[in-house]
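Okay, structure incoming, though there's no sequence with it:
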């Protein structure tokens, strides 16, 4: 802005012409070079900030990965093996997995349902010998638990 005012004053004094045009050109060039230097400095600063943020992001990602592994481990082992067996048989569509009307079996199924691993069903609707893969479905959480557990054990 100052350069434009200065160029206008000089141009007015000199009455325009070639000298005025040259002076305006020189002043504009200096302004452009200053702008370029300022933009270069800002760019360098932004690049430095970007590198710092990328480094910080890697650290945060590492912490997230460690935390996710801990969560996966906790989830994998929150259920006793005999309860997981029920889920695994349903997950793998085990055709020989049949309903056995005894208190322990019913308790296991109710618990798995109540924990959110099995979709809603009623024990009273089951008959002795029913193929459970046709009667009971895993929830997404039930599927995830089986997958996490088998992944941790190197199964299937």
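Arrived safely. These figures come from a predicted structure and were not determined experimentally.

Show me how the record splits the chain into domains.
Taking automatic domain parsing as the reference, the chain has its domains at 2-65, 81-153.

Quick one: those domains as CSV, columns for mean neighbour count too.
(Each C-beta comes from the backbone N, C-alpha and C, glycine too.) Output for the domains of the chain, formatted as CSV (neighbours: other C-beta atoms under 10 Å):
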stretch, mean neighbour count
domain 2-65, 11
domain 81-153, 15
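
comparing those domains, which gets the lowest mean pLDDT score?
Of all these, mean pLDDT reaches its minimum on domain 2-65 (a mean of 77).

Counting by contacts, list what whichever helix in the chain runs longest packs against.
Longest helix in the chain by number of residues (criterion: DSSP state H): helix 17-76. Applying 3 or more C-beta pairs under 8 Å, 6 or more residues apart in numbering; DSSP states H and E, one finds that helix 17-76 makes contact with helix 2-14, helix 140-153.

and the angle from the last one to helix 17-76?
Spelled out, it's helix 140-153. 90 degrees (axes from the mean of the first three to the mean of the last three C-alpha atoms, to 10 degrees).

which residues touch helix 140-153?
Residues outside helix 140-153 that contact it (C-beta atoms under 8 Å, 6 or more residues apart in numbering) are 72-73, 75-76, 79, 84, 87-88, 90-91, 112, 116-118, 138, 155-156.

Kindly recompute the last result at 6 Å.
Residues from elsewhere that reach helix 140-153, judged by C-beta atoms under 6 Å, 6 or more residues apart in numbering: 72, 75-76, 84, 87-88, 91, 116-117, 156.

With stretch 73-91 instead?
Here stretch 73-91 has contacts from 97, 108, 112, 117, 138, 142, 146, 148-149, 152, using C-beta under 6 Å, 6+ apart.

Can you tell me which of the contacts of helix 140-153 is nearest residue 64?
Comparing these against residue 64 with C-beta to C-beta picks out residue 72 as the nearest, at 12.3 Å.

now the longest helix of the chain, how far from the centre of its chain.
The chain centre lies 24 Å from the centre of helix 17-76; the measure is C-alpha atoms, centre = their mean, to the nearest Å.
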